[in-house]
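Visitor: below are the sequence and a predicted model; questions follow.
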Amino acid sequence: MRTPRYGSKIRKLYDAADAQKREKYVCPRCGKKNVKRISNAIWQCRSCDAKIAGGTYTLTTGVGEVANRIIKEYSKA
Ligand SMILES: [Zn+2]
């Protein structure tokens, strides 16, 4: 990936996003911290092979959590 060159603010944002996308996340299926980003917004658990569609740079986003809550509410009814 190309790195932005100019401006400290944009560089800071880039570094934060980059660190988040490299990080491992806890799998919602097996509970192990083994979920890695395999592609843009696609995450895969190395333990149970679950594929998760999440945020581009993090596994869950604020918008995603709201959507999940709405889906849960509707599937209860
Ligand atoms: Zn898993």
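Guide: Sure, I can see it.

Visitor: name the residues that touch the longest strand seen in the chain?
Guide: Identified as the longest strand of the chain according to DSSP state E is strand 33-39. Residues from elsewhere that reach strand 33-39 (Cβ atoms under 8 Å, 6 or more residues apart in numbering): 21-22, 24-27, 43-47, 50-52, 59. Heads up, the C-betas are built off the backbone N, CA and C, glycines and all.

Visitor: so is stretch 39-52 next to the ion?
Guide: Yes: Stretch 39-52 is in contact with the ion by Cβ under 5 Å from the ion, via C45, S47, C48, A50.

Visitor: list the contacts for the last one?
Guide: A50 sits next to C27, P28, R29, C30, V35, Q44 when contact means Cβ under 8 Å, 6+ apart.

Visitor: these two touch, right, the second one and K51?
Guide: No: contact between P28 and K51 fails when scored by Cβ atoms under 8 Å: they sit 11.7 Å apart.

Visitor: among those two, which residue is more densely surrounded?
Guide: Set side by side, P28 and K51 show more neighbours around P28, with 14 against 11, by other Cβ atoms under 10 Å.
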